[in-house]
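Participant: Generate coordinates for the sequence data below:
(one chain, ligands or ions: 1)
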Amino acid sequence: MPVKPTEQEDEYFARQEFERRKKALAEHEGRSAEEERLRILAVAAGRCPKCGAVLVAVPYRGSELDKCSRCQGVWLDVGELEQLAAEDKGFLGSVRRIFG
Ligand SMILES: [Zn+2]
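Facilitator: This next block holds a predicted model:
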């Protein structure tokens, strides 16, 4: 039985509508995820990612490490591990070889 052109048109427009809604949902989820990230960043800036206490800058071998005022955890920014481990033949050197 031949399909009428209007049925093909209906299917075409239904697929178009489905794709439009799918794209709108993905954009909305992307915006929501970014808004969530920015909201968390606004609250957590300068805070320990593990316990939420204030981080204190501690100078160490020419770098400035972030040390938690509560749990004593130490956090490194991008490149600081490589800088600290560059000349270290001990533990930091082995960490650099593993993660570097
Ligand atoms: Zn902490």
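Participant: doesn't Val54 make contact with Ser69?
Facilitator: Yes: using Cβ atoms under 8 Å, Ser69 makes contact with Val54 at a distance of 5.0 Å. The C-beta positions use only the backbone N, C-alpha and C, and glycine is treated the same way.
Participant: okay, and the common contacts of those two?
Facilitator: Common neighbours of Ser69 and Val54, using Cβ atoms under 8 Å, 6 or more residues apart in numbering, are Cys48.
Participant: And Pro59, how close does it get to the ion?
Facilitator: Distance of Pro59 to the ion, given as Cβ to the ion, to the nearest Å: 19 Å.
Participant: Next, count neighbours for the closest residue to that residue other than its chain neighbours.
Facilitator: Counting by Cβ to Cβ, 6 or more residues apart in numbering, Pro59 lies nearest to Leu65, which is 7.8 Å off, once chain neighbours are set aside. Using other Cβ atoms under 10 Å, Leu65 is surrounded by 17 other residues.
Participant: And Leu38, by the same measure?
Facilitator: 10.
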